[in-house]
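S.K.: starting from these lines, generate the structure:
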Amino acid sequence: MEPMNQGEGDTSYARNSGIQNAQQNRMKPMIEAAIIDLCTSTSTLFPRNMVIADLGCSSGSNALVLVSTAIEAIHSYFIQLERQPPEVCVFLNDLPNNDFNMVIKSLVTLRKINEPIVVASVTPGSFYERLFTSGSLHLVCSSSSLHWLSKAPEVLTRNHIPAYNIDEHARREMLPMIHEAYAQQFKNDFTHFLKLRAKEFLSGGRMVISITGRHSDGIDSKLFHIWEIVVQILSVMALEGVIDKAKYDSFYMPMYGPSNEELREIIQEEGSFSIKEMVVRGLTSDADSALFTPNRYICEVRAMFEPLIVKHFGEVMEEFMRTAERLWSLDGILRDQLARLAWLSVSLTKA
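M.R.: Numbers count the residues shown, from 1 in each chain. All right, here's what the predicted structure looks like:
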């Protein structure tokens with residue numbers, strides 16, 4: 001996996017992450033409810049200290065949104081009861097090559113304006129590894145991160161099977177196998193993630209996560225991948241000779257968008273957490289539709305995927321942008337693709 005575009009420039013993730021921020025804002029009621037449950041349940045009643053972590057925090061202003069929501073909910077609850085708020089320990093996690101310079105500056109500010117915070121730190125590493133000591137976590141949040149896989153499916157990479165064949169007939173024939181390979185990789189990764197976090201939570205701990213996924217397990221939805229929007233642009237570039245076809249065939253996006261049925265089944269099968277609430281929302285619904293105009297969306301796509309694309313193909317982003325603008329200028333193309341996607345938000349309780 002590669003980090004998002006770093007820094008604070010025009011193409012940075014910090015300036016082009018409005019879609020992720022919109023989803024974080026939708027998660028706030030779930031986080032606030034989780035805090036109240038933690039403060040009122042028998043196993044964690046009126047805790048003297050609380051440990052909160054955001055897994056996949058990235059950088060920019062979004063890095064603090066989820067933990068700030070939790071801190072504000074803690075303050076509000078204890079002020080109403082006229083009790084001293086607990087001390088709070090905050091950890092922000094992402095890959096070691098994330099832009100942690102910006103994150104640390106933000107954490108210093110957060111610590112100054114919130115007295116109960118006694119520890120505020122970054123935790124570099126993959127969330128597919130152990131990150132915290134056993135029985136230490138009260139609340140974990142994660143937004144727009146867990147659809148990233150630990151790796152592309154080995155059955156494809158090992159056998160040199162293109163994930164999105166340029167030839168439409170060959171692509172359609174391979175779709176079920178490609179989907180199954182990605183679905184199995186997600187199941188393995190997410191099951192492993194749940195097992196790791198189960199060791200790190202105290203009893204009754206809460207987890208609130210949001211994943212980019214699909215609306216249902218219907219055939220049309222099931223065979224659509226969340227990375228197709230990006231790979232279709234690259235396929236046009238390969239057909240036009242802008243990028244090498246052999247390079248294109250060896251490119252794999254390590255991402256998978258599950259349906260809510262898939263997500264529920266994996267959580268229940270793994271067994272360490274119970275589902276408190278699950279919500280499915282359309283990606284382009286209500287007030288956030290302005291974020292998905294072609295001009296706006298292509299900037300967000302660049303901020304998310306430029307490091308991954310450049311690492312594999314070299315400096316091709318300007319042509320990528322021009323191809324995307326040309327492709328998405330066709331009426332309804334982008335809208336129809338995005339309509340297949342959904343935000344899956346789920347609130348979990350450690351058994």
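S.K.: contact partners for the residue located most distally from the centre of the chain?
M.R.: Residue farthest from the centre of the chain, counting by Cα atoms, centre = their mean, is residue 82 at 36.6 Å. Under the criterion of Cβ atoms under 8 Å, 6 or more residues apart in numbering, residue 82 has no neighbours. All C-beta atoms are positioned from the backbone trio N, CA, C, and that covers glycine.
S.K.: which stretches in the stretch 101-250 of the chain count as strands?
M.R.: 117-124, 137-143, 201-214 (DSSP state E, counting those that start in this stretch).
S.K.: give me the buried positions along the last one.
M.R.: Within strand 201-214, the residues that qualify as buried are 201-202, 204-214, counting by 16 or more other Cβ atoms under 10 Å.
S.K.: which one of those residues sits closest to residue 319?
M.R.: Distance to residue 319 across these (Cβ to Cβ) is lowest for residue 212, with 25.8 Å.
S.K.: just give the nearest non-adjacent residue to that closest one, would you?
M.R.: residue 147 (4.8 Å; Cβ to Cβ, 6 or more residues apart in numbering).
S.K.: can you read off the pLDDT for residue 111?
M.R.: Looking at residue 111, its pLDDT is 69.
S.K.: same check on the one 3 residues further on?
M.R.: On the pLDDT scale, residue 114 is placed at 60.
S.K.: that older thread, and the furthest pair within the buried residues of strand 201-214?
M.R.: Pairwise over these, using Cβ to Cβ, the maximum falls at 202 and 214, 33.2 Å.
S.K.: low-confidence ranges in the stretch 51-200 of the chain?
M.R.: Low-confidence segments of the stretch 51-200 of the chain (pLDDT under 70): 111-118.
S.K.: how about stretch 128-135: buried residues?
M.R.: Buried, per 16+ other Cβ under 10 Å, within stretch 128-135: 128, 131-132.
S.K.: same thing with stretch 3-12?
M.R.: 3-6, 12.
S.K.: export those residues to CSV and tack on distance to residue 137?
M.R.: Shown next, in CSV, are the buried residues of stretch 3-12 (distance: Cβ to Cβ, whole Å):
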residue, distance to residue 137
3, 24
4, 25
5, 30
6, 28
12, 30
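S.K.: between the residues you listed, which is closest to residue 40?
M.R.: Scanning the buried residues of stretch 3-12 for proximity to residue 40, where the rule is Cβ to Cβ, the winner is residue 4, at 36.9 Å.
S.K.: how close does that closest one get to residue 169?
M.R.: Separation of residue 4 from residue 169 (Cβ to Cβ, to the nearest Å) stands at 35 Å.
S.K.: same question for residue 149.
M.R.: For residue 149 relative to residue 169 (Cβ to Cβ), the value is 27 Å.
S.K.: so those two - more neighbours on which side?
M.R.: residue 149 (20 against 8; other Cβ atoms under 10 Å).
S.K.: quick one: end-to-end length of stretch 141-149, please.
M.R.: By Cα to Cα, to the nearest Å, the extent of stretch 141-149 from end to end equals 18 Å.
S.K.: can you list the residues that contact it?
M.R.: 1, 19-20, 23-24, 27, 31, 52-56, 58, 65-67, 70, 127, 182, 185-186, 189-190, 193, 207-213, 226, 254-258.
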